[in-house]
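Novice: Let me see the structure of the following:
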Amino acid sequence: MPDDPTLGEVIRTMQTLNARLDRFSAPEVYQFQHDQLLAEIREIQAARAAEKQAGEEKERQAADEKRAQEQRRQQDRRMVFTALVAPVLLLLLQLYLTARGAGS
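Specialist: Sure, this is the predicted structure:
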């Protein structure tokens, strides 16, 4: 069988292959993977922080809305008093004063 490699050729091929594998450094691969993992963690943390900030903003908006509604209610109460109750009280006071003045 003339196509079979000799022992020397096999050894040389293995040495060449080992030399190629030695050039590929595992610490660099580890560092790259580590950097990628850290970048992914930072992205997740940033996304969580953004979600948290959005939730807090929604809570602030809801509280502001509630305060605004309460202010509108207070204004409505004042308007009802000034528009309805105060004129009625003034009318009653005027009638009372007129009745007292007419009786004296």
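Novice: Which strands and helices lie in contact with the longest helix along the chain?
Specialist: With DSSP state H setting the assignment, residue counts place helix 26-80 as the longest helix in the chain. Helix 26-80 sits against no helix or strand, with contacts defined as 3 or more CB pairs under 8 Å, 6 or more residues apart in numbering; DSSP states H and E. Glycine gets a C-beta too; all of them are placed from N, C-alpha and C.
Novice: Mean confidence (pLDDT) on it, please.
Specialist: Helix 26-80 comes out with an average pLDDT of 93.
Novice: quick one: that helix to chain centroid distance?
Specialist: Chain-centre distance of helix 26-80: 2 Å, with CA atoms, centre = their mean, to the nearest Å.
Novice: What's the first helix or strand after it?
Specialist: helix 86-103 (DSSP states H and E).
Novice: Extract the CA atoms of that next one and return them as CSV.
Specialist: C-alpha atoms of helix 86-103 as CSV (Å, rounded to 0.1, in the frame of the first residue of the first chain):
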residue,chain,number,x,y,z
ALA,A,86,-73.6,81.9,49.1
PRO,A,87,-76.3,83.6,47.1
VAL,A,88,-79.0,81.6,48.9
LEU,A,89,-77.5,82.7,52.3
LEU,A,90,-77.3,86.3,51.1
LEU,A,91,-80.9,86.1,49.9
LEU,A,92,-82.0,84.7,53.3
LEU,A,93,-80.1,87.4,55.1
GLN,A,94,-81.6,90.1,53.0
LEU,A,95,-85.1,88.7,53.6
TYR,A,96,-84.4,88.6,57.3
LEU,A,97,-83.2,92.1,57.4
THR,A,98,-86.1,93.3,55.4
ALA,A,99,-88.6,91.5,57.6
ARG,A,100,-87.0,93.0,60.7
GLY,A,101,-86.9,96.4,59.2
ALA,A,102,-90.5,96.2,58.2
GLY,A,103,-91.6,95.1,61.7
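Novice: Many thanks, have a good one.
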